[in-house]
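1. below: sequence and its predicted model.
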Amino acid sequence: MNKRRLLKLADLLEADAKNKKGIKFDMTHWAYIGNSAKPISCDTSACAMGLAALSGEYKRAGLGWKLDKYGYFKITMNGRGWALTAAMRLFGISRKQAEYLFCESSEEGAEGERHVAKFIRRFVKQNGQMAAR
């Protein structure tokens, strides 16, 4: 497990929670980009992995995003892949852990971002042990 990267994501979530012009946090979908020229804006909604991809903070590690031919947001790892696979590779976690961190929540808004950040920090502190939210 890459604890440093996970903790950086918790930091990103907390910073975005304070940013009124940041994304609209919504863990029920990966991302919706209202303005492709300015992907992180109040026209954007995204989950934790969507924010990770849009932020550019993990670009050197290979995490990215693109809009497919239908305009749907896709999270990529080294230009290919699917969001859960990207999460598994980026953070060095299992599929079950990726689902636990990035799929099993309906958190929304700034409070949701802060809650998910705490959840990630607790997961790291417990060395990847999964517990009830």
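-> Structure received.
2. all contacts plus neighbour counts: C-alpha atoms, from now on.
-> OK.
3. how close does residue 107 sit to residue 71?
-> 24 Å (Cα to Cα, to the nearest Å).
4. who's more crowded, those two?
-> Per other Cα atoms under 10 Å, whichever of residue 107 and residue 71 has more neighbours is residue 107, with 17 against 11.
5. in contact with the more buried one, which residues are there?
-> 25, 26, 27, 28, 113, 115, 116 (Cα atoms under 8 Å, 6 or more residues apart in numbering).
6. now the first one, nearest residue through space, not along the chain?
-> What that stands for is residue 25. In space, and not counting its chain neighbours, residue 25 is closest to residue 109: 4.9 Å by Cα to Cα, 6 or more residues apart in numbering.
7. residue 45: what secondary structure?
-> Here residue 45 is recorded as strand under DSSP: H, G, I helix; E, B strand; the rest coil.
8. that one contacts residue 25, correct?
-> Yes: the pair residue 45 / residue 25 is scored as a contact, 5.6 Å apart, by Cα atoms under 8 Å.
9. the residue lying closest to residue 2 once chain neighbours are set aside: how many residues sit nearby?
-> If the residues on either side of it in the chain are set aside, residue 2 comes closest to residue 91, at 4.9 Å by Cα to Cα, 6+ apart. The local packing of residue 91 (other Cα under 10 Å) involves 16 other residues.
10. next: residue 53.
-> 27.
11. what does residue 15 give?
-> 14.
12. let me know whether residue 49 touches residue 102 as I believe.
-> Yes: at 6.9 Å, residue 49 and residue 102 qualify as touching, with contact defined as Cα under 8 Å.
13. measure the residue most central in space within the chain to residue 29 for me?
-> Closest residue to the average C-alpha location of the chain: residue 49 at 1.8 Å, with Cα atoms, centre = their mean. Between residue 49 and residue 29 the distance is 10 Å, computed by Cα to Cα.
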